[in-house]
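>>> Predicted model, plus sequence, below.
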Amino acid sequence: MNAVRIRWWVSAAVTILFFILLPSYSFAEPQPAAEPIAEWEIQWTNDPDSSQMPRESANWVTVDSGEGIPDRPSNFTSMWIKFELPQIDAESGMLIEKMYGQSFEIFVDGASIHSYNRSNLHENNRFLLPLSAEDSGKTVMIFGKTHTASLGLYQQILVGDYQQMLTRYSKADLLDIVLGFAFLFMSAVMLICSVFLSKEQRKSWISLSLVILAIGVLIITYAPFLYIHYGEYGTLFLDLFDIALYLFIPSLTYFFESIFGAGPKGIVRKFRKFQIYYSCLCLAATIINDFTTYTYFGLYDLVTVTLVGLIALVQIILIISMSITYAVKGNKEAIIVSSGFGIFAAAAVGELFWYYMNDGHYKLYMWKWGMVGFILALLVLLGRRLAYNHRQVVKYSQELEVYNHQLQRSEKMEIISQLAASVAHEVRNPMQVTRGFLQLLGENAQLDRERNYLKLAIDELDRAASIITNYLTFAKPQLEEMTILNLHDELRQVEGIIVPLANLQGGKIQLSVPKHLFVEGNSSKFKQALINIIKNSIESLKGNGLIQLSAFEEGGEVILQIRDNGEGMDKEVLAKLGEPYFSNKTKGTGLGLMVTFRIIELMHGKLQFQSEKGVGTVAMLRFPSVSHETKNGVAFQ
């Protein structure tokens, strides 16, 4: 699957997430008209159950929800809460939205109307109880008990229309469930897509999908919704929350490592390995805690809550500091991570601080929306990285195609070189003897027809000798003599040789070359290469054509341009220039350009052609620029 299709899947997942969340905002309906009870009385006890009602003469402490809720003293495990109901109508109800504890029993004028006993460690509870008009002014007593840290009523009580509060009770925290399952769906889509990715891409992709998976589980299992409506699976939900947290922490660090590397002295990699080991330790602590029925809850809470929170804070500080460092250096990916992570870190650090300041009585809320912003930033980052990888693959494919073309050309040249070395010398000697005898016969021929035949035979032998000479160029590994050449002087000499041929074709040559440009090479071979190129330009002219020779120095290179306004070539012909035996001439062999390419390569230069059919052709030669004064410590004039 290519990067475009993967980005399409991610876009589809984000779009579906948006349309899932959009209707969920209807859950936040206006609060129903209800009368709040903001004041009540409490009494701390060590009663094992509610079988014995508290005495009226006992010490009761008045609590006002607007002035702060007192914490449970360490020497008490249970408590009584007392308040009076206001005047109510028929079909009324009482909604208690934030009650911490594990066991509760609620009484109205001494009659038990509801009891609840939770076997897991989830402390946040919500109750909705029906009331009648006869309950007006009656006293409500609530007995609560816990084995953990928190116990008590931490939010004012609402009394009002039962049906309206039933809607509020049913939909409370439902947005968290929708958001969590949207993250799970996105993670599933990403895990499916990871099958089609390369090994390097799969690391960052799977680590991000695990981060999203863990966040989805954390959001779902943190919400009281599941514990209230499916309380019999409370222990399972808590274990899933812990496991998701143990998965989230190292996965986030691994994703950061896969994008930005191991960091200075491998600090990110080392921290990630420590997190993996510590997550395994926490998982073992969770299993032990379940099997021992919370016997060692204090130690378990220290290992899996307090220390994990500190590790998470260190992780946030490490990632945000390194992201800012990379961002300051101009890394665009780090800027994206810093922006998204800054949103999450601000929400998470603030809420963790407030959570510990309130001894765990604060319900973490903003971190979920900070995490949404962070995940969107990571998706943008991952999409950017995939797009970059896709561009690199395309670039490498193009370079590989060019490399293969050069390799094929080199192989062909090697074959020709071997053929030239083994055959050329043996063939040329008998040809020269044959040519000599043909010349003698031509001098003694009596008939013009015989002389024409002999002349044609000599011309064909000369052409064959020229082909063999070209073959011999490939048999020689290097130029015989390398000197510093003045480009202006060399082209002046070539101009004197080639101008008569240009005049015959009706063409004109213009030379514009400065006198201070120098290259290293063999003068005779260099002239041969230039004559081959210019001769091809002359043959492409039709009528009054123009060939322009110009040169300049740029970036440490001497660039020579040979431009004509001849018939030009199409892309197919242009791509085959320099191949053996390829020529668009009737009697051409293609060896002339092969020789030219070979000579220029031996001079450490490059030859490139640009052409357009009906417009003309430009041959561009590039050579390393050299000084005319010295070469290897030897002066040249």
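Thanks, I have it. Numbering: from 1, shown residues only.

>>> Lys145 touches Arg118, doesn't it?
No: if you go by Cβ atoms under 8 Å, Lys145 and Arg118 don't touch, sitting 10.3 Å apart. C-beta coordinates here come from the backbone N, C-alpha and C atoms, glycine included.

>>> and the two? which has more neighbours close in?
Per other Cβ atoms under 10 Å, whichever of Lys145 and Arg118 has more neighbours is Lys145, with 21 against 18.

>>> residues contacting that one?
The contact partners of Lys145, by Cβ atoms under 8 Å, 6 or more residues apart in numbering, come to Asp47, Pro48, Asp49, Thr77, Ser78, Met79, Gly101, Gln102, Ser103, Phe104, Leu151.

>>> And for Thr62?
Glu39, Trp40, Glu41.

>>> Take these and keep only those in strands.
Counting by DSSP state E, the contacts of Thr62 place Glu39, Trp40, Glu41 in strands.

>>> excluding its backbone neighbours, what's nearest the second one?
It stands for Trp40. Phe83 (3.8 Å; Cβ to Cβ, 6 or more residues apart in numbering).

>>> State the distance from the one you found to Ile212.
According to Cβ to Cβ, to the nearest Å, Phe83 and Ile212 sit 44 Å apart.

>>> all helices for the stretch 401-550 of the chain, in order.
Secondary structure of the stretch 401-550 of the chain by DSSP state H, counting those that start in this stretch: the helices cover 448-475, 487-504, 523-540.

>>> try the stretch 101-250 of the chain
Counting by DSSP H, counting those that start in this stretch, the segments of the stretch 101-250 of the chain that form helices are 162-171, 174-193, 199-222, 224-229, 234-260.

>>> List just the one of those that sits closest to Val393.
helix 199-222 (10.3 Å; Cβ to Cβ).

>>> Tell me what Lys508 is bridged to.
Judged by DSSP bridges, the bridge partners of Lys508 are Leu546.

>>> Was I right to think it contacts Leu546?
Yes: the pair Lys508 / Leu546 is scored as a contact, 5.4 Å apart, by Cβ under 8 Å.

>>> Outline the domain layout of the protein.
The record, using automatic domain parsing to delimit domains, assigns the chain the ranges 3-26+174-383, 31-171, 397-475, 483-635.

>>> mind listing what the residue lying closest to Phe104 once chain neighbours are set aside touches?
Closest residue to Phe104 apart from its sequence neighbours, by Cβ to Cβ, 6+ apart: Tyr116 at 4.7 Å. Residues in contact with Tyr116 (Cβ under 8 Å, 6+ apart) are Ser103, Phe104, Glu105, Asn125, Phe127.

>>> can you put these in JSON lines and add distance to Tyr278?
Formatted as JSON lines, the contacts of Tyr116 follow (distance: Cβ to Cβ, whole Å):
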{"residue": "Ser103", "distance to Tyr278": "33"}
{"residue": "Phe104", "distance to Tyr278": "36"}
{"residue": "Glu105", "distance to Tyr278": "40"}
{"residue": "Asn125", "distance to Tyr278": "31"}
{"residue": "Phe127", "distance to Tyr278": "38"}
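
>>> Return the member of the residues you listed nearest to Arg435.
Checking the contacts of Tyr116 one by one against Arg435 (Cβ to Cβ), the nearest turns out to be Asn125, at 112.9 Å.
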